[in-house]
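Novice: Generate coordinates for the sequence data below:
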Amino acid sequence: MDSLKREKLKGIYLIVLILFIWTAGSHYGLWNSYIIPAPTKIIDSFVKLIENGKLIKHIAISLRRIFIGFSITVFLAVPLGIFFGAFTNVYVYFKSIFEFFRHTPPLALIPMIILWFGIGETSKIVIIILASFFPVFLNVLKGVGGCDKKYIEVGKVFNLSQKDIFLKIILPNSVPDILIGLKLGIGYSWRAIIGAELIAASSGIGYLILDAQQISRSDIVMLGIIVIGTLGIITDNVFSKIVSTYIKRKQGGYFE
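Specialist: As a prediction, the model looks like this:
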């Protein structure tokens, strides 16, 4: 516990040092304030955008898109990962198709997605699904399909049914991989939605950044970047705690 606290403090020290150098450099004019705006200017922009409600509106829109897109991803990727992990002989037939789409960057598909779905909400949600699907799917597949055969043999020795072997051995054993997949998926969702909003949107944090760039407001661009990073960390931590709590309860139910 103490080591974790020390690690967090080291991270805080680095942030404080960066802020100090940034503030001092801006104050003494060591760089062009247009390229790297002063922290005070970013704070002023933050306060103004909060007061007029624009920042909250754009954040809420991006979060809603991520929530919808990632929820659909979980609904699709987890069951498919479990199914193909349990039936690897079936997955062989679909592997080439999955690999093709896995290696195709979602942002490269934006022109076709806009052509098919327009520039509305559907296209952005589809991009989120495409970006976050494979981190979740592949980790679930790995977790279920990579269960140690020795554990399964022990279950058979104790005359467990196939259902019990899956629920009490395979699924709990795959929890770490599933959790890693979900964490990666939520991160990829953030990357995807910002990219989509930069290209085709009239709202959201990505649009806020693009609009600020077009009117030469580097302070708002920097603010948008900071907001994205901060929200990414917060959603990752909150999501991890929710999933961990849920899985612990389920595991307790399996072994009762």
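
Novice: okay, now Pro111: neighbour count?
Specialist: 11 (other Cβ atoms under 10 Å). The C-beta positions use only the backbone N, C-alpha and C, and glycine is treated the same way.

Novice: same check, this time on Ile209
Specialist: Here the count is done by other Cβ under 10 Å, and Ile209 has 23 residues near it.

Novice: now Lys41: how far from Asp219?
Specialist: Separation of Lys41 from Asp219 (Cβ to Cβ, to the nearest Å): 5 Å.

Novice: who has more neighbours, the two?
Specialist: More crowded of Lys41 and Asp219, by other Cβ under 10 Å: Asp219, with 21 against 17.

Novice: quick one: pLDDT of the more buried one?
Specialist: Note on Asp219: pLDDT of 88.

Novice: Could you do Ile15 as well?
Specialist: Looking at Ile15, its pLDDT is 82.

Novice: Kindly report the same for Ser3.
Specialist: At Ser3, the pLDDT value in this model is 59.

Novice: what about Ser202, which SS state?
Specialist: Assigned by DSSP: H, G, I helix; E, B strand; the rest coil, the conformation of Ser202 is coil.

Novice: Next one: it relative to Asn139, how far apart?
Specialist: Remark: distance between Ser202 and Asn139 (Cβ to Cβ) = 34 Å.

Novice: Which neighbouring elements make contact with the longest helix belonging to the chain?
Specialist: Using DSSP state H, we find that the single longest helix of the chain is helix 218-254. With contacts taken as 3 or more Cβ pairs under 8 Å, 6 or more residues apart in numbering; DSSP states H and E, helix 218-254 sits against helix 39-51, helix 54-86, helix 171-199, helix 205-214.

Novice: One more pass at 6 Å, please.
Specialist: Helices and strands touching helix 218-254, as assessed by 3 or more Cβ pairs under 6 Å, 6 or more residues apart in numbering; DSSP states H and E, comprise helix 39-51, helix 171-199, helix 205-214.

Novice: buried ones in that helix?
Specialist: 218-224, 227-228, 231-232, 235-236, 239, 243, 247 (16 or more other Cβ atoms under 10 Å).

Novice: Stretch 82-101 too?
Specialist: Within stretch 82-101, the residues scored as buried using 16+ other Cβ under 10 Å are Ile82, Phe84, Gly85, Ala86, Tyr91, Phe98.

Novice: Kindly report the same for stretch 106-118.
Specialist: Pro106, Leu107, Leu109, Ile110, Ile113, Ile114.

Novice: so where's the stretch 1-150 of the chain uncertain?
Specialist: 1-8, 10-11, 148 (pLDDT under 70).

Novice: returning to what we had before: now render the helices and strands packed on helix 218-254 as a markdown table, adding distance to Ile68.
Specialist: Below are the helices and strands packed on helix 218-254 laid out as a markdown table (distance: least, Cβ to Cβ, whole Å):
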| stretch | distance to Ile68 |
| --- | --- |
| helix 39-51 | 24 |
| helix 171-199 | 10 |
| helix 205-214 | 16 |
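
Novice: Compare these and say which comes out lowest on pLDDT.
Specialist: Among the helices and strands packed on helix 218-254, helix 171-199 carries the lowest mean pLDDT, a mean of 83.

Novice: Might you calculate how far stretch 206-225 sits from the centre of the chain?
Specialist: Distance, stretch centre to chain centre, for stretch 206-225: 22 Å (Cα atoms, centre = their mean, to the nearest Å).

Novice: before we move on, back to that, now, among the buried residues of stretch 106-118, which is nearest to Val47?
Specialist: Sorting those by how near they are to Val47, with Cβ to Cβ, puts Leu107 at the top with 32.8 Å.
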